[in-house]
Each structure stands twice: as C-alpha cells, then as structure tokens.
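Participant: Next one to model:
(one chain, ligands or ions: 2)
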Amino acid sequence: MLTLPTLNNRPNVAYKGEEGGNLKKQLIHKGSWANADVFLCSQGQNQWVEKGFDGKNLLVRWTIGILLTHRELFISKRLQGIAGIPQGYTRKSLCTLTYDYMDGMVLGAGDLDHAVSVDYFTACEKLLHAIHGKGVVHLDLRRGSNWIIQPDGTPGIIDFQSSLLVNLLPGPLKNFLFSIDYSGLYKMWNRKCVEELDPDRKKIFHRINRLRRFWIFSVAHI
Ligand SMILES: Nc1ncnc2c1ncn2[C@@H]1O[C@H](COP(=O)(O)OP(=O)(O)OP(=O)(O)O)[C@@H](O)[C@H]1O
Ligand SMILES: [Mg+2]
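Facilitator: Ligands and ions are numbered 1, 2, ... in the order given. Now for the predicted structure:
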C-alpha cells in the first residue's frame with residue numbers, strides 16, 4: 001500500500017510521535033469515507049489531537065486529504081496566539097495534523113439546550129471578532145460540535161478545515177462572509193443560551209438567514 005510520507009521537522013509541537021512509549025490513541029470522531037478521523041492521543045501528561053486522512057483511500061488522501069490538511073494548517077498559523085483556538089498545530093504527514101487538545105465540552109451536546117450563560121456567548125462574539133481581524137472566516141460555525149466550552153467557561157472554536165482567508169476580497173463580500181459566521185453563532189445562541197437572543201441580534205440572524213438561501217454554503221447544516 002502506498003502511504004504518504006511523514007514529515008519530521010516539528011519543533012515545539014503538540015505531536016509527540018510514537019517514541020517514548022505509553023502512547024494512547026483513542027478515536028473520538030470517525031469521519032465518513034471523505035472526512036478526517038479525529039483521535040485523542042495522550043502520553044504521560046500530554047494530550048493532543050490527531051486529525052487526518054491517513055486511514056482513507058489513496059484517492060481521498062492524495063486529493064482532498066492533502067488540500068484540506070494544508071488549508072487547516074495554513075489558517076491555524078494565521079490564528080496562532082489567539083486564546084480559544086487550538087495551539088501547537090503541526091503536520092504529522094501530508095494529510096494528518098496534530099494540535100493541542102482543548103479540554104471541556106462541545107456546545108452541541110443536547111443537554112445544553114437553553115443552559116449556557118450569556119457571558120459565554122458574548123465571549124464567543126469577541127473570539128469571532130478576533131478571528132475575523134486576522135482575515136479568516138470559519139464558515140462551519142452552525143455546528144455545535146465546532147464550539148467548545150472550556151472548563152473555565154470560556155469559548156473555544158475548532159475545525160478550520162472549511163475556513164478561508166478573505167483579506168484580499170472586496171469589502172462587501174468579506175463582510176457577507178463574516179456575517180455567515182455570526183449567523184452560526186446566533187443560531188447556537190438562540191438554541192443554547194439561558195436567555196433569548198436579544199432583538200438586535202435576532203434581526204441580524206434572520207437577515208443573514210434570508211441571504212444565506214442564495215449562498216452556496218447554505219446547503220449544509222441549516
Ligand atoms: N482541539 C480539540 N480539542 C477538543 N476536542 C476536539 C479538538 N479537535 C476535535 N475535537 C473533537 O473532535 C470532534 C471532531 O473534530 P473536527 O470538528 O475537527 O472534525 P470534523 O471532521 O470537521 O468533524 P465534523 O464534520 O463533525 O465537524 C469535535 O467535535 C470535538 O468533539
Ligand atoms: Mg467539526
């Protein structure tokens with residue numbers, strides 16, 4: 001079987017490799033035939049995530065596997081240092097990344113409906129603003145599984161595989177793409193927050209939803 005080469009230039013990285021023994025690797029998210037598998041790895045006190053396409057077929061690995069992995073790595077470098085974004089991204093192979101595990105729970109969990117504080121969501125809004133400030137749109141924030149509530153109650157955003165760098169796009173298009181992210185946040189806010197979405201944000205949410213009907217990304221996760 002043809003395998004992708006492993007890259008070994010990884011200083012200061014989350015990926016600890018197989019050396020050193022006691023490496024535990026647990027599947028936490030099984031991707032479909034064309035989606036990445038996500039593993040939680042641990043070795044001693046270290047915990048990290050391994051996300052990739054190494055277990056997929058050759059065609060997937062050498063096409064979208066490489067492409068999406070490259071995109072997530074590229075975007076993560078732009079976002080380095082923002083609190084609430086996984087750090088320590090590195091490449092394990094051409095189509096597999098490792099990065100820091102973010103402790104906590106995913107916002108999408110069913111038992112969190114109307115149970116999360118307003119403070120969490122206002123912090124999410126600030127985090128999103130910081131991401132946009134780096135010229136990045138996430139574009140997959142309508143899924144609760146891409147939002148983390150960290151043990152101290154602060155938000156985390158993961159999964160930059162669908163993200164785009166937009167700083168060279170014309171202003172109106174860029175703002176429209178940013179608003180797609182906000183509509184994802186407000187969808188979660190509406191569903192998960194103990195308090196109802198306030199009228200101003202609700203108005204924005206409904207306006208963006210109407211616009212999204214004309215938008216190619218709206219086919220997913222309505
Ligand atoms: N850095 C991380 N810290 C904690 N959990 C993580 C991390 N990365 C991934 N996960 C867990 O793995 C799940 C899947 O990861 P991710 O969203 O990156 O993969 P995906 O293939 O894009 O999945 P999906 O298609 O469901 O969005 C997340 O919902 C989360 O539960
Ligand atoms: Mg995801």
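
Participant: Please point out which parts of the longest helix along the chain sit buried.
Facilitator: Looking across the chain with DSSP state H, the single longest helix is helix 171-192. Across helix 171-192, burial judged by 16 or more other C-beta atoms under 10 Å covers 174, 176-189, 192. Bear in mind the C-beta positions are built from the backbone N, C-alpha and C, glycine included.

Participant: from these, which two are the most distant?
Facilitator: Greatest spatial distance in the buried residues of helix 171-192: Lys174 and Lys192, 27.5 Å, computed using C-beta to C-beta.

Participant: Tell me the secondary structure at the residue nearest in space to the middle of the chain.
Facilitator: Nearest residue to the geometric centre of the chain (C-alpha atoms, centre = their mean): Asp159, 1.9 Å. Secondary structure, DSSP: H, G, I helix; E, B strand; the rest coil: Asp159 is coil.

Participant: and the longest helix of the chain, what's its mean pLDDT?
Facilitator: Mean pLDDT, computed over helix 171-192, is 95.

Participant: Only C-alpha atoms, please: export that helix in PDB.
Facilitator: C-alpha atoms of helix 171-192 as PDB (Å, rounded to 0.1, in the frame of the first residue of the first chain):
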ATOM      1  CA  GLY A 171     -15.200  44.700   1.500                       C
ATOM      2  CA  PRO A 172     -18.900  43.800   0.800                       C
ATOM      3  CA  LEU A 173     -18.100  40.200   0.000                       C
ATOM      4  CA  LYS A 174     -15.800  39.900   3.000                       C
ATOM      5  CA  ASN A 175     -18.500  41.300   5.300                       C
ATOM      6  CA  PHE A 176     -21.000  38.900   3.900                       C
ATOM      7  CA  LEU A 177     -18.700  36.000   4.700                       C
ATOM      8  CA  PHE A 178     -18.100  37.300   8.200                       C
ATOM      9  CA  SER A 179     -21.900  37.600   8.700                       C
ATOM     10  CA  ILE A 180     -22.200  33.900   7.800                       C
ATOM     11  CA  ASP A 181     -20.100  33.100  10.800                       C
ATOM     12  CA  TYR A 182     -22.200  35.400  13.000                       C
ATOM     13  CA  SER A 183     -25.300  33.700  11.900                       C
ATOM     14  CA  GLY A 184     -23.700  30.400  13.000                       C
ATOM     15  CA  LEU A 185     -23.000  31.900  16.400                       C
ATOM     16  CA  TYR A 186     -26.500  33.400  16.700                       C
ATOM     17  CA  LYS A 187     -28.100  30.100  15.800                       C
ATOM     18  CA  MET A 188     -26.200  28.500  18.700                       C
ATOM     19  CA  TRP A 189     -27.000  31.400  20.900                       C
ATOM     20  CA  ASN A 190     -30.700  31.100  20.200                       C
ATOM     21  CA  ARG A 191     -30.700  27.400  20.900                       C
ATOM     22  CA  LYS A 192     -28.200  27.100  23.800                       C
END
